[in-house]
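Colleague: take this sequence and fold it.
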Amino acid sequence: KLDVLHCPHHFGLPTTGKFKKVLTLHDSIEDQFYQAKMRLSQRLSWSQLNSDLLRRLSRNNAACFITVSEHSKKDLAQFYGIPSETIHVTHNAVDPALANQTVIPRDSFAKKFGLHKPYLLYVGGFDERKNIPFLVKTVIDLITSQNIELVIAGHGVTAQGFPKHQGLHLIDYVPESDLA
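Modeller: From the prediction side, this is the model:
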């Protein structure tokens, strides 16, 4: 007999069954960010309407929810109207491959990548929702006034068109072992 079913994706929970249903929602970005930018014809397409329906049915049939941060919990409660007491924060785990890594001293990392001052490090993607141009624009003043460097690392970073600045370092790839 099935007591609990957990769906680790934002849709896919069955609408029937006498068992508890748990749904993982990482965030509400799909609906908050991308839907707002879609043309009306895209929002009304069969595939988009079907996807919206499946996600809504899953949310409506879940007894409780798992999300990855307090910020996401707040967003889910506000945007979808999910009672916050049914949302449980479970932070993402560390990749087991990194668990036994020797931590590379900060000086070694700085030397390896040619950094000479204290630095801020961003590692990740460049999706529009991450707003990395805003980060660069905001931090560029700090680079000079606070004598720091900004390091942006991620695949394709050099193609992003960031302004050239003495304290801005763009690194296309940083091995995971250097980030542990």
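
Colleague: now Val136: how far from Leu142?
Modeller: 11 Å (Cβ to Cβ, to the nearest Å). The C-beta positions use only the backbone N, C-alpha and C, and glycine is treated the same way.

Colleague: shared neighbours of those two, anything?
Modeller: Common contact partners of Val136 and Leu142 (Cβ atoms under 8 Å, 6 or more residues apart in numbering): Leu150.

Colleague: buried residues of stretch 45-56, list them for me.
Modeller: Burial within stretch 45-56, assessed by neighbour count using 16 or more other Cβ atoms under 10 Å, is assigned to Arg55.

Colleague: and that stretch, how far from the chain's centre?
Modeller: Offset of stretch 45-56 from its chain centre (Cα atoms, centre = their mean, to the nearest Å): 22 Å.

Colleague: what does it rub up against?
Modeller: With Cβ under 8 Å, 6+ apart, stretch 45-56 has contacts from His10, Phe11, Gly12, Glu30, Asp31, Met38, Gln42, Arg43.

Colleague: which is the next helix or strand following the helix or strand of the chain with the lowest mean pLDDT?
Modeller: Of the helices and strands making up the chain, the lowest-confidence element is helix 96-99, at a mean of 70, by mean pLDDT, DSSP states H and E. Downstream of helix 96-99, the first helix or strand assigned by DSSP states H and E is helix 106-112.
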